[in-house]
Structure formats: structure tokens, C-alpha cells
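Asker: Predicted model and sequence below, questions to follow.
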Protein chains: 4
Amino acid sequence: MEDVQGYEMAKPDLLRRLHRVEGQIRGIAQMVEDDRYCIDVLTQIAAATRALQGVAVGMLDSHLRHCVAEAASTDVDAGQRLSEATAAVERLLKS
Amino acid sequence: MEDVQGYEMAKPDLLRRLHRVEGQIRGIAQMVEDDRYCIDVLTQIAAATRALQGVAVGMLDSHLRHCVAEAASTDVDAGQRLSEATAAVERLLKS
Amino acid sequence: MEDVQGYEMAKPDLLRRLHRVEGQIRGIAQMVEDDRYCIDVLTQIAAATRALQGVAVGMLDSHLRHCVAEAASTDVDAGQRLSEATAAVERLLKS
Amino acid sequence: MEDVQGYEMAKPDLLRRLHRVEGQIRGIAQMVEDDRYCIDVLTQIAAATRALQGVAVGMLDSHLRHCVAEAASTDVDAGQRLSEATAAVERLLKS
């Protein structure tokens, strides 16, 4: 039985959500193309941003669970992975 | 001479940036598909979010200029439009 | 009759909200002092951040109204002020 | 030797940063009191928000390290704690 990547189990869900965000972005481009009222476009941009952050949170959750599971079952020092995770949260907060 | 929409002048630029974001999202989906390290995926999500917020700021800027130009040259009350703009900023900040 | 600053009318409200945020921050420091569970502290930090962003949105709203009123009634070019406002929104989104 | 709370070691640092944020908020209230230009006030609000998010990230980092250390050394299931941490990140992203 092969090893499972950190977010393997959630992969179909992550991909589904990313494809939906991709569709949202395409819809926003179409709205601009059609000269739709820009406040409506901004509302859709906010929705797409929220959806993208949702993907990030889901991915972060899987990563942290993976780190903890690893720390509990092996000798691997999870410290470095956690530093990376915290730095990733920092980048998300600034984006 | 036809009337010009609020963000008409910046439209090619907005579309170019939106298509680039769409490509970024597709790239992120591919990274997930390829089981890339999730911290790297998170970094790309932060970058795409930033790019999307950049589009929002560009669009907001055009909208505000349009409101002000309108207020200066016509009798239209710009108050309602500004309330919409402020509400849009609020939604972006919460996204 | 004296001239009115951009956010003059909302000043008591802005100050009230800022004093409340100041109290929230003091409360958070007290929670840390008392070794309260850090997830609870994080919840309070999120609430204080939201309150602070609310002050920013209120202030931005007044500023934009002022710009528009000025553009409608005087010869002042509101373009520079709007650029400043857009840049301020950008900084808020990145914070 | 007494047990150490999750963020105990970083406590003086967290408190120092929180007191600085409190000072920033007080400074912002004074700027409003003095009718300072609102774009300058918004710049300071963005700076205070960033500082507050920095405290949150520092606190989250300690919490995660604590969870992982606990998971590695005891039988405690860290799953619940991680769910709380992820939910906290979500609230921060929406604030």
C-alpha cells in the first residue's frame, strides 16, 4: 500500500473547489467584457476571493493534520514544517 | 459619440489581468493534481488572491473616478454610488 | 461658521469606536497575562481587527463623500485625492 | 517544575506587541481628535491592523507547536485542537 500525501484524501474536493473558482474568474472576465456595473463585478471578485481562501484553509488544515500525525508516529522534527505553515498563514493574511 | 462605461478605458488591462488570474488558478489545480507540496500550493494561492485584489482595486479606482466626474459635471447625486463603493470595499476587506 | 473637515460629522462616532477597539486590545493583553486559551485570544484578535477595519471603512466613506462634494462644487481636481483613497484601500487590503 | 502554557515562552513578547498596538490605537484616536488628514489616519489603521495580525500569527505559531509537541509525547488526540486552529485562521482571514 502506497504512502498517502498530506492532502491526498481531500484532493477531489480541493480540485472541485479550484475548478469552481476558475469558473468564477471566467465569469468575472465575461462581466467586464459585457460592461456590467462595476460594483456587481466587485461583489463577484469578493466571492471568488472568499472561495480561494476557503481552498487555502482546507489545504492548511490537511497539512497541519499531516504534520501532527507525523510528529506523533515518527522521529521527524515537525518544527520546520510548522514554521512553513505559519509563514504560509502570514502570506495569506497579507494577500 | 457613444457613452463610456465607468471602467471602459481600463477594460483591456482588467481583462488581461483576469485571464492571468484564471491561468494561476488552473496552475494551482495542476499542482494539486500532481501532489505538489502543499505549502508551495498555498504560496501560489496567496499570489492569486493578491492578483485578484489588484483587479478589484483597479476597478474600484475607475468607479470612483467615474462617480466624481459625474458629480462634477451633472446633477446626479453621487451619494448612492459612493455608498455602494464603500460597501464593496467592506466586502473585499472581509473576503 | 467654520469650515468642516472631511470626517467632522462622524468624529464622535469614530472616536467612540476607536476607544472601544483600544479597550478590546487591553482586554486581549489581559487574556494573555492570565494565560487564557490561545484560540480564545485569537478569536478576540479577529474581532478587534474587524472593528478596526470598520473604523477604516467609515473613515474612507466620509473621505470619498468629501472628495465628491468638493469636485461638484469647486474647481479642485479630485483626481489626486482619489488616487490617495485607492492607495489607502490597497494598504488596508494588504494589512 | 511547573507546566508551561502553550504560548508561555513568548508571553513577554506578545504583551509588548499588544501594548504597542494599544498605543497605536490611542495615537489614531488622537489623530482623529486633531482633525488630521484622513488618508494619514487610514495609513496608521492599516499599520495597526498589520501589527495585530502579527500578534495573531505569533500566537498561532506557539499554539501549533504546543499541539504537535503534545501529540508526539502523549496520547492526547490533537485533532480537535487542530480543528480549532484552522477555524481561528479562517476567522482571521475574514477579519
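Answerer: Ah, there it is.
Asker: Could you look up the next helix or strand downstream of the helix or strand where A:Cys67 lies?
Answerer: Per DSSP states H and E, A:Cys67 falls inside helix A:38-73. Where DSSP H and E defines the elements, the next helix or strand beyond helix A:38-73 is helix A:79-93.
Asker: next one: phi and psi at A:Tyr37?
Answerer: Per-residue torsions, A:Tyr37: phi -60, psi 130 (degrees, to the nearest 10).
Asker: Count the residues that sit near it.
Answerer: 15 (other Cβ atoms under 10 Å in any protein chain shown). (Glycine included, C-beta is placed from N, CA and C.)
Asker: and the angle from the helix holding A:Cys67 to helix D:79-93?
Answerer: If you take axes from the mean of the first three to the mean of the last three Cα atoms, to 10 degrees, helix A:38-73 sits at 150 degrees to helix D:79-93.
Asker: Please see if helix A:38-73 touches chain C.
Answerer: No. Under the criterion of Cβ under 8 Å from any Cβ of the partner chain, chain C is not reached by helix A:38-73; the shortest gap measures 9.7 Å.
Asker: give the contact list for the closest residue to A:Ile28 other than its chain neighbours.
Answerer: Sequence neighbours aside, A:Gln44 is the residue nearest to A:Ile28 in space, at 5.1 Å (criterion: Cβ to Cβ, 6 or more residues apart in numbering or on different chains). If you count contacts by Cβ atoms under 8 Å, 6 or more residues apart in numbering or on different chains, A:Gln44 has them with A:24, A:27-28, A:31.
Asker: so what's the most centrally placed residue in chain A up against?
Answerer: Per Cα atoms, centre = their mean, the C-alpha nearest to the average position across chain A is that of A:Ala56, at 2.1 Å. Counting by Cβ under 8 Å, 6+ apart, A:Ala56 touches A:92, B:42, B:45-46, B:49, D:93.
Asker: how about a cut-off of 6 Å?
Answerer: A:Ala56 makes contact with A:92, B:42, B:45, according to Cβ atoms under 6 Å, 6 or more residues apart in numbering or on different chains.
Asker: For the helix or strand containing A:Ile25, output the C-alpha coordinates as PDB.
Answerer: Here A:Ile25, judged by DSSP H and E, is contained in helix A:11-33. C-alpha atoms of helix A:11-33 as PDB (Å, rounded to 0.1, in the frame of the first residue of the first chain):
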ATOM      1  CA  LYS A  11      -7.800  16.000  -3.300                       C
ATOM      2  CA  PRO A  12     -11.100  15.600  -5.300                       C
ATOM      3  CA  ASP A  13     -12.800  18.200  -3.100                       C
ATOM      4  CA  LEU A  14      -9.900  20.700  -3.500                       C
ATOM      5  CA  LEU A  15      -9.900  20.200  -7.200                       C
ATOM      6  CA  ARG A  16     -13.700  20.600  -7.400                       C
ATOM      7  CA  ARG A  17     -13.400  23.900  -5.500                       C
ATOM      8  CA  LEU A  18     -10.500  25.100  -7.600                       C
ATOM      9  CA  HIS A  19     -12.400  24.400 -10.800                       C
ATOM     10  CA  ARG A  20     -15.300  26.300  -9.400                       C
ATOM     11  CA  VAL A  21     -13.100  29.300  -8.600                       C
ATOM     12  CA  GLU A  22     -11.700  29.100 -12.200                       C
ATOM     13  CA  GLY A  23     -15.200  29.300 -13.500                       C
ATOM     14  CA  GLN A  24     -15.900  32.300 -11.200                       C
ATOM     15  CA  ILE A  25     -12.900  34.100 -12.600                       C
ATOM     16  CA  ARG A  26     -14.000  33.300 -16.200                       C
ATOM     17  CA  GLY A  27     -17.500  34.700 -15.300                       C
ATOM     18  CA  ILE A  28     -16.000  37.900 -13.900                       C
ATOM     19  CA  ALA A  29     -14.000  38.400 -17.100                       C
ATOM     20  CA  GLN A  30     -17.200  37.900 -19.100                       C
ATOM     21  CA  MET A  31     -18.900  40.500 -16.900                       C
ATOM     22  CA  VAL A  32     -16.100  43.000 -17.700                       C
ATOM     23  CA  GLU A  33     -16.400  42.100 -21.400                       C
END
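Asker: So what's the gap between that helix and the chain middle?
Answerer: Helix A:11-33 sits 13 Å away from the centroid of its parent chain (Cα atoms, centre = their mean, to the nearest Å).
Asker: Check chain A for the residue nearest chain C and tell me.
Answerer: Residue of chain A nearest chain C, by Cβ to the nearest Cβ: A:Lys94 (5.6 Å).
Asker: All good on my end, thank you.
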